[in-house]
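Enquirer: could you look at this predicted model? Sequence included:
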Amino acid sequence: MTGGPDSGGRTRPGSGGTRLLDLSDGLLAARALHLVAAVGVADALATGPRPVTELAAATRTHPDALHRLLRVLAGEDVFREVRPGVFALSPTGEYLRSDHPDSVHALLAFSELVGRSFADAMHSLRTGEATFPQTYGRPFFDHLRARPEADSLFHTGMAQVTRRDAAALTDAYDFGGARTVVDIGGGDGSLLLSVLDAFPGIEGVLFDQPHVVAAARERIAAAGLADRCRTVAGDLFGPLPPGGDLYLLKWILHDWPDEEAVTVLRGCRRAMGPDGRLLVIERLIPPGDHPHPAKMLDLVVLVLLGGRERTAQEYEALLAEAGLAARRVIDTGSGLSILEARRA
């Protein structure tokens, strides 16, 4: 943490030391965001400004502590103190509402769970293994299966991210040449439904864990696409649905170390027909020292799952080990890239 209120503990303005301390302070703002998302402050402000005493009652928090937290985030333009002790959402803060069409609420609320693992992340630094099982006593996905509320937040958060990316993906890649698209680990179907909506001539298969596809069926029916999209429940490391000519793996391989990632790719290869295609959709780590979201996400998947983000060359090596060959890499402009692969 930094020094006194006038930053008296810091080195001279603009120095390298100040830069390092500013980076450290970013942790406090991030944790403040996670906390207000977890207790639902933005939803409590959906109808307009409210006194902090009312907000505290609505969110079951301590009034003074909540006021101090909101004051921090007002300084980051997430909230506004419109009158002393009365807070409102800023335009940026509106995205914290769970009902906002581009909401990020679930991801930030879920980060409250993630934060404990990062507090223990020295384990990953010492061992190169995931910290999450050390913190919670079981692997990440096992923990979610045992905690329905956390599992729901996670899948809602993944759907929020996918909906933000879907238009860029369907703009960047011509799915029209496919007859049947199989989305492996497709969650609630957000990506697959976007593909089916953009390309009316194709059908879809959503593959995920049994409890996930059960919820996805409702979303598919609500979208009016039940006649073009079916669901299959199963395990990622077991048999995958055969018969598709285009398979999707979005944000799946980065969850796993190389050996498990190759196992998933081999499963796709077995399911694909001779002329089938596979799209690996991930953030690619670029060369050089410039900041990039993939580099931050790489630490997240290490601590939570023991997985990793990869360069294009590293993904191509995994594909080759699985008997697949990368044909091209497509930049979608969204931060995600598409590696198109076929049987080697």
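Expert: Arrived safely, thanks for sending. Predicted model, so just to flag it, every value in this text is computed and none were measured.

Enquirer: what residues does the one helix or strand residue 65 maps to touch?
Expert: Assessed by DSSP states H and E, residue 65 sits inside helix 63-74. Contact partners of helix 63-74, identified using Cβ atoms under 8 Å, 6 or more residues apart in numbering, comprise 28-29, 32-33, 35-36, 41, 52-53, 55-56, 59, 79-81, 85, 87, 93. For the C-beta atoms, the positions are set from N, CA and C on the backbone; glycine is no exception.

Enquirer: next helix or strand past that helix?
Expert: Using DSSP H and E, the first helix or strand after helix 63-74 is strand 79-83.

Enquirer: now, of the contacts of helix 63-74, which are buried?
Expert: Neighbour counting with 16 or more other Cβ atoms under 10 Å marks 32-33, 35-36, 41, 52, 55-56, 59, 79-81, 87, 93 as buried within the contacts of helix 63-74.

Enquirer: closest to residue 296 among the residues you listed?
Expert: Among those, residue 33 lies closest to residue 296 (Cβ to Cβ), at 15.1 Å.

Enquirer: surely the closest one is in contact with residue 108?
Expert: Yes: if you go by Cβ atoms under 8 Å, residue 33 and residue 108 touch, sitting 5.5 Å apart.

Enquirer: out of the buried ones among the contacts of helix 63-74, who's nearest residue 314?
Expert: residue 33 (31.5 Å).

Enquirer: and the helix or strand where the closest one lies, what does it pack onto?
Expert: Taking DSSP H and E as the criterion, residue 33 maps to helix 16-39. Judged by 3 or more Cβ pairs under 8 Å, 6 or more residues apart in numbering; DSSP states H and E, helix 16-39 is in contact with helix 63-74, helix 105-119.

Enquirer: export those to TSV and tack on mean pLDDT, distance to residue 151 and mean neighbour count?
Expert: What follows is those, written out as TSV (pLDDT from 0 to 100; distance: least, Cβ to Cβ, whole Å; neighbours: other Cβ atoms under 10 Å):
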stretch	mean pLDDT	distance to residue 151	mean neighbour count
helix 63-74	97	27	17
helix 105-119	90	10	19
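
Enquirer: quick one: closest of the ones you listed to residue 195.
Expert: helix 105-119 (22.2 Å).

Enquirer: which secondary structure elements does the closest one contact?
Expert: Using 3+ Cβ pairs under 8 Å, 6+ apart: helix 105-119 touches helix 16-39, helix 132-136, helix 148-172, helix 293-305.

Enquirer: which other residues reach that helix?
Expert: If you take Cβ under 8 Å, 6+ apart as the criterion, helix 105-119 is touched by 30-31, 33-35, 37-38, 42-43, 95-98, 131-132, 135-136, 150, 153-154, 156-157, 160-161, 300, 303-304.

Enquirer: just the buried subset of these, please.
Expert: Using 16+ other Cβ under 10 Å, the buried ones in the contacts of helix 105-119 are 31, 33-35, 37-38, 42-43, 95-98, 131-132, 135-136, 150, 153-154, 156-157, 160-161, 300, 303-304.

Enquirer: where along the stretch 151-300 of the chain do the strands fall?
Expert: Secondary structure of the stretch 151-300 of the chain by DSSP state E, counting those that start in this stretch: the strands cover 180-184, 203-208, 229-233, 246-250, 277-282.

Enquirer: residues of the third one that come out buried?
Expert: This means strand 229-233. For strand 229-233, by 16+ other Cβ under 10 Å, it's 229, 230, 231, 232.

Enquirer: now do the last one
Expert: For strand 277-282, the buried set under the neighbour-count rule, 16+ other Cβ under 10 Å, comprises 277, 278, 279, 280, 281, 282.

Enquirer: and which of these is nearest to residue 240?
Expert: residue 278 (10.9 Å).

Enquirer: okay, residue 152 and residue 187: tell me how far apart.
Expert: 12 Å (Cβ to Cβ, to the nearest Å).

Enquirer: okay, the two: which has more neighbours?
Expert: residue 187 (26 against 15; other Cβ atoms under 10 Å).

Enquirer: surely the more buried one meets residue 215?
Expert: No: using Cβ under 8 Å as the test, residue 187 is too far from residue 215 to be in contact (9.0 Å).

Enquirer: list residues touching both of the two?
Expert: The overlap between the contact sets of residue 187 and residue 215 (Cβ under 8 Å, 6+ apart) consists of residue 155.
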